[in-house]
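Colleague: heads up, no residue letters with this:
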Ligand SMILES: O=C(O)C1=C[C@@H](OP(=O)(O)O)[C@@H](O)[C@H](O)C1
Ligand SMILES: C=C(OP(=O)(O)O)C(=O)O
């Protein structure tokens, strides 16, 4: 489905209810599968959480997790450490291009039985679950934190727990801290210091309800909308926590640079455009800890016509698409002057934005959602708009609530 998006109002006052974080949801679902007394509230309605839920129930046969990176990585470690499970774990075409060798090697070091079905180092994989008794393993930490979270989430059920040694510069650190925090919440004994993480075996979890905070990555699109609107615009979002486990909550500081102020009224997050920022503003941010908001920020800068230099983007090439190349191609169509390396993005200030350009989304929900706010500046076409369901199925409905007009083409 291709859509034409236009926005008539430039000042908004609206409230949007955003579904639970997909990262917290997929971790909580795994912990609940290991410890049935764990309850979950405000779970994500994303396809990524649905495939995780479905996958966890399978004992024998094929599990297809489509585009969900977390489900792929978390379930690999889950099936490998569950005696009696025997599955073929696969996903979309893109998933068969997203590397998994670092995780598979780590699991094999622990004694797991995993085989590649097509290309070495990539899904699909065949997994025969085993009781794991070894506990010490080292792995590279500079490619994806999901490999580390996958091992940690399953660690409390291993006979002797887990002692991880992380090699290289640790990337996406807040996601590892989120995993450790959730393990602590159910009563696991963990320790994360420097490049070493330990998790002790846990026989019984606390009777806990994990209350999933709403998704901060999803909130980023509303930050971008507020930044592109006139002073006085306000959007409130629920349900958020001032002490978030999600690294993308750094949006509060990032968007202050765009004149957007954040405040909390209990669990309601209020975004308000308080000042116009000068065209001479130069945004310079390292996003190694918050890679999922890179596309949003780059597009906001383009919409505001300001210069932007983003670094720490080394993980973007192996996400739903090569996000650096996709940003370059699509922003260039709109008239941007942009350069990318394999870990940075440089955008020059722009004078104008081309109208009615068709944005291709490359099976990447964040390409669709990051470009949508530009409709506040010019009418824009987004191709394959249904991709948003990966993390935020109600996205277009919520934009309509903000008076954006969405026309199916
Ligand atoms: O653990 C998680 O929930 C995630 C970790 C990050 O991946 P990387 O660690 O691969 O950067 C992030 O991009 C992804 O959307 C979700
Ligand atoms: C990278 C993402 O997801 P995943 O790696 O879980 O597919 C994302 O949601 O931006």
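Modeller: Here it is on my side, so go on. Predicted, not measured: the structure shown is a model, and the values here were computed from it. Ligands and ions are numbered 1, 2, ... in the order given.
Colleague: Contacts only, for whatever residue of the stretch 301-409 of the chain ends up closest to ligand 1.
Modeller: Closest residue of the stretch 301-409 of the chain to ligand 1, C-beta to the nearest ligand atom: residue 315 (4.0 Å). Yep, even glycine has a C-beta here, placed from its N, CA and C like the rest. Counting by C-beta atoms under 8 Å, 6 or more residues apart in numbering, residue 315 makes contact with 143-144, 171-172, 288, 291.
Colleague: now do residue 92
Modeller: Taking C-beta under 8 Å, 6+ apart as the test, what residue 92 contacts is 66-67, 363.
Colleague: I'd like to know how many residues surround residue 286.
Modeller: Other residues near residue 286 come to 12 when the count uses other C-beta atoms under 10 Å.
Colleague: For ligand 2, see how far away the residue found closest to it once you drop the neighbours it is linked to in the chain is.
Modeller: Spatial nearest neighbour of residue 286, excluding adjacent residues (C-beta to C-beta, 6 or more residues apart in numbering): residue 312 at 4.1 Å. Distance of residue 312 to ligand 2, computed by C-beta to the nearest ligand atom, to the nearest Å: 14 Å.
Colleague: I figured residue 312 hits residue 297, correct?
Modeller: No. With contacts counted by C-beta atoms under 8 Å, residue 312 stays clear of residue 297, the gap being 11.8 Å.
Colleague: Now residue 192: phi and psi?
Modeller: The phi and psi values for residue 192, taken as degrees, to the nearest 10, are phi -120, psi 110.
Colleague: For it, which residues count as its bridge partners?
Modeller: Assessed by DSSP bridges, residue 192 has beta-bridge partners residue 197.
Colleague: how many other residues sit next to residue 121?
Modeller: Taking other C-beta under 10 Å as the neighbour definition, residue 121 ends up with a count of 12.
Colleague: What is the least confident helix or strand in the chain?
Modeller: strand 13-17 (a mean of 92; mean pLDDT, DSSP states H and E).
Colleague: counting contacts, what elements does it pack onto?
Modeller: Identification of packing neighbours for strand 13-17 by 3 or more C-beta pairs under 8 Å, 6 or more residues apart in numbering; DSSP states H and E yields strand 234-238, helix 395-401.
Colleague: Show the subsequent helix or strand relative to that strand.
Modeller: helix 22-34 (DSSP states H and E).
Colleague: next structured bit after that next one?
Modeller: strand 39-41.
Colleague: circling back to that earlier point, partner strands of the least confident helix or strand of the chain, with direction?
Modeller: Here, using DSSP bridges, strand 13-17 pairs with strand 234-238 (parallel).
Colleague: From what I see, residue 125 and residue 76 are in contact.
Modeller: Yes. At 6.7 Å, residue 125 counts as touching residue 76 under the criterion of C-beta under 8 Å.
Colleague: so what's in contact with those two at the same time?
Modeller: With C-beta under 8 Å, 6+ apart as the test, residue 125 and residue 76 both reach 89, 100, 104, 114.
Colleague: and these, which two are the farthest apart?
Modeller: Based on C-beta to C-beta, the longest span within the shared contacts of residue 125 and residue 76 runs between 89 and 104 and measures 10.7 Å.
Colleague: what touches both of the two?
Modeller: Common contact partners of residue 89 and residue 104 (C-beta under 8 Å, 6+ apart): 76, 125.
Colleague: So what pairs up with the residue nearest to residue 332 when sequence neighbours are not counted in the strands?
Modeller: Spatial nearest neighbour of residue 332, chain neighbours left out: residue 338 (6.1 Å); criterion: C-beta to C-beta, 6+ apart. Residue 338 has these beta-bridge partners by DSSP bridges: residue 347.
Colleague: who are the neighbours in contact with residue 338?
Modeller: Taking C-beta under 8 Å, 6+ apart as the contact definition, residue 338 lies against 298, 327-328, 331-332, 345-348.
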